[in-house]
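J.: Pasting the sequence and the predicted coordinates here, then a few questions.
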Protein chains: 4
Amino acid sequence: MIPEKENNRERILKAAEKIFAEKGYDASRIDEIAANAGVNKALIYYYFQSKYSLLEELFRRFFQESAAMLVSYVQHGGLDSTPSKKADQIFDTYFSYFEEKRDLLRIMLVESLKTGGDAPPIFKLVDFEDLVDEATITSIFDSGHYPSNNMDLRLVAEFFTGVIPMLCYVLFQDHWCRYFNVSREQLRSYFNQAMKLTHEAYHRAMRDQLSGESPR
Amino acid sequence: MIPEKENNRERILKAAEKIFAEKGYDASRIDEIAANAGVNKALIYYYFQSKYSLLEELFRRFFQESAAMLVSYVQHGGLDSTPSKKADQIFDTYFSYFEEKRDLLRIMLVESLKTGGDAPPIFKLVDFEDLVDEATITSIFDSGHYPSNNMDLRLVAEFFTGVIPMLCYVLFQDHWCRYFNVSREQLRSYFNQAMKLTHEAYHRAMRDQLSGESPR
Amino acid sequence: MIPEKENNRERILKAAEKIFAEKGYDASRIDEIAANAGVNKALIYYYFQSKYSLLEELFRRFFQESAAMLVSYVQHGGLDSTPSKKADQIFDTYFSYFEEKRDLLRIMLVESLKTGGDAPPIFKLVDFEDLVDEATITSIFDSGHYPSNNMDLRLVAEFFTGVIPMLCYVLFQDHWCRYFNVSREQLRSYFNQAMKLTHEAYHRAMRDQLSGESPR
Amino acid sequence: MIPEKENNRERILKAAEKIFAEKGYDASRIDEIAANAGVNKALIYYYFQSKYSLLEELFRRFFQESAAMLVSYVQHGGLDSTPSKKADQIFDTYFSYFEEKRDLLRIMLVESLKTGGDAPPIFKLVDFEDLVDEATITSIFDSGHYPSNNMDLRLVAEFFTGVIPMLCYVLFQDHWCRYFNVSREQLRSYFNQAMKLTHEAYHRAMRDQLSGESPR
DNA sequence: TATGAATGAGTGTTCATTCAT
DNA sequence: TATGAATGAACACTCATTCAT
């Protein structure tokens, strides 16, 4: 009831997200996270096992929240029935979600680029199988409308020419504006045009292929 | 001509590139680079100012080499005159170059994602102005054929829907194959299709727009 | 009568004894003792002043129990009147008591070896003056039968050639069996022979000296 | 040639020996060892892998030195041919060596009392097989003169009724004097008497058994 | 050029102990 | 009595960097 009296655990996570995003995981210091959360350093180890488990908790929450968002989005009839509008909607939704979670996504991309570990966490952005039920996935990707033998192609295309460009746009836009001396609005407009000409072209091609495959 | 001597500096750089690629910049240790180069740790500081300047030198060489490659490519008449074939050629050339320099590009992307510092080094992949002469740039991007008021759009599109997808493909392909259980060949084929349907569509659109703009 | 209640203090002490014995005092952690006792960590500080006072309480109880054992042993006429048999009896009694309290004795010896603090607690093993009444001491050590001017010698001899070897035997027997590849029974037999040939020889000598001193 | 310009490595080891002996291994702090050696803390890690490897090096040197001492002692005709005198000589030699190495022996006994690890290092005090050649061992223990089937008994007796009492005497003498209010000389005299009456009795018994076994 | 030795400033983590309730 | 949360002071160990030769 007292939203000000936020849990210290939450404050720690929020601080970690901020510091990790600013400096990268490796260069982030527990001391700084503690200071930023206004908390004793040892308290971090009261709530979390290690520096890395802070990161894991952030990722865990992100994917949990993403899944919840997708489900609620679908259930509340958010999706238009016209395929092209549907794609637009999904695009916009993703876009604002990416903007909102920019800091965490930055960390996630960096961690995904480390060769050593497990699967890059970023793959989960297009692979929700263990996060969301079958029906939702079907509804979102509308996979019934796509040539069924092209599931893998779909995944590859969505990831490398849809998610990745959007993600990198979100992560690099500020630097880009400064470096190339454009306004955010201009850049956004360019990026939208580029996506229309590329990724949307792909969606159109997919639909065409489909209607050619099973006409009438 | 005495390859054994005089090349401690090179051995250090080679070792740095290897260790950086294996562990990422932050997690790499000067000790390990020295050991890997078969050289005393202090010698690294004789040749280089700091750990970071090792990275800078690697980046510097990379861009220098890229530029040289571009120039020689253009000069030796490598580029076909048909626009669509030309694009294909550039695509393939970039592709194999990215594959070859994958390790360094991985580090470069990670460093580019850090918010603190200067301009992301990765922007240089589409901004050769201070690396290559005007004529070469013109020749490569054939910018004369593009609507002149769309230079910025061109840059945005090339970067976010061309370079970035290709780069991420090169960096993530191994993990993708393992995670989604596809062969490298299959994945490559999917990726090529996706790029054809997206980035190439953009190039086509650009040419169409151009011929519409200045017909006859 | 409600054994479930009221005994958190006991549970803590029991857990402390176990953990201390397993890891030694220094390496034992209050957290682990609390967990092992099924009790909140702070409760330990409700019942005890500090980690060290846990140890002190364990030592205190040990000596109290030892004293009680000695007294009851003497009072119930446990001791034979023949000196040599009496010595045997005491030897065996000590032996099994040491075996039983092995873990605590190990800690006590370690603490006794620290140079910094007070008197080594282990000295109390031969100095019961403030634990047991005079009569019992007299009865046990039969000091009336020993040359009165040799009280200190008696103490030294009992401690360094009686108590200490027995204690170390109890503490090292398992490791010895493994290291020298002997069975426990064999080792025990050797040790008994060795003690017969040494410590018992001393007791015999003492008695001889006594009968020579005050014959008839 | 400049004995003052002692190696920092040696200074570190000397300091470690001192601090370990004063506080025990666990309670000793690397910072304090560094300060005591007049050396930067990081230098300790330049010469040694870890805190524990400091201890290992100290033990290694001790046993190496012990072995060298034994060998030189035997080779320089130090040992009398009369068995009883020989035993006395060995006793005295051990005694002064133990006094000299008291600090390290204290640490070694404490470490030997830890149940977790390998074999107690203290066992090496009676098991020189891998430190010294066969001939020296034979000469020292005169094992040819002892009943050959009692080798294990001999080891047990020497360790628990010879080495251990002497060691504990050396480690506890100061505390004993303070606690029981005796002078060092008095205590030493008592201890010598006690050892004569016990351990020496054992040696005598052994010789008697031998002469009975193989007379003439 | 080259190196063995040396160091200041951290670095994540631990732990006995205390506090508020 | 009992507990979840909180903390100060370490602690072993690391690492980029420098120095003397």
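T.: Nice, I can see it. Numbering: from 1, shown residues only, chains lettered A, B, ... in the order given.

J.: which residue does chain A bring closest to chain C?
T.: Of all residues in chain A, A:Y46 sits closest to chain C, at 11.1 Å by C-beta to the nearest C-beta. Every residue, glycine included, has its C-beta placed from N, CA and C.

J.: For that residue, give its distance to C:K41.
T.: With distances taken as C-beta to C-beta, to the nearest Å, A:Y46 is found 11 Å from C:K41.

J.: Which of the two has more residues huddled nearby?
T.: C:K41 (14 against 11; other C-beta atoms under 10 Å in any protein chain shown).

J.: How about the backbone phi and psi for the more buried one?
T.: phi -60, psi -40 (degrees, to the nearest 10).

J.: helix/strand/coil for A:F98?
T.: Taking DSSP: H, G, I helix; E, B strand; the rest coil as the rule, one finds A:F98 in the helix state.

J.: so which helix or strand takes in the residue of chain A closest to chain C?
T.: helix A:41-47 (DSSP states H and E).

J.: May I have that helix as CSV, with CA atoms only?
T.: Provided in CSV are the C-alpha atoms of helix A:41-47 (Å, rounded to 0.1, in the frame of the first residue of the first chain):
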residue,chain,number,x,y,z
LYS,A,41,26.7,-4.2,-0.1
ALA,A,42,26.3,-7.3,2.0
LEU,A,43,22.5,-7.1,1.6
ILE,A,44,22.9,-7.9,-2.0
TYR,A,45,24.3,-11.2,-1.0
TYR,A,46,21.5,-11.7,1.5
TYR,A,47,19.0,-11.6,-1.4
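
J.: now A:E22: how far from A:S28?
T.: Distance, A:E22 to A:S28, using C-beta to C-beta: 8 Å.

J.: Comparing these two, which residue is more hemmed in?
T.: A direct count of neighbours by other C-beta under 10 Å for A:E22 and A:S28 places A:S28 higher, at 22 against 17.

J.: helices or strands up against the helix or strand of chain A with the lowest mean pLDDT?
T.: Scoring the helices and strands of chain A by mean pLDDT, DSSP states H and E places helix A:134-141 at the bottom, with a mean of 72. Applying 3 or more C-beta pairs under 8 Å, 6 or more residues apart in numbering or on different chains; DSSP states H and E, we find helix A:134-141 packed against helix A:51-75.

J.: residue in chain A nearest to DNA strand F?
T.: Going by C-beta to the nearest atom of the strand, DNA strand F is nearest to A:A42 of chain A, at 2.8 Å.

J.: Tell me how many other residues crowd that residue.
T.: There are 9 residues near A:A42, going by other C-beta under 10 Å.

J.: Okay, it and chain B: tell me how far apart.
T.: Per C-beta to the nearest C-beta, to the nearest Å, A:A42 is found 25 Å from chain B.

J.: before we move on, what about A:A34?
T.: For A:A34 relative to chain B (C-beta to the nearest C-beta), the value is 20 Å.

J.: quick one: contacts of stretch A:13-23?
T.: A:28-29, A:32-34, A:36-37, A:39, A:54-55, A:57-58, A:61, A:102-104, A:106-107, B:114-116 (C-beta atoms under 8 Å, 6 or more residues apart in numbering or on different chains).
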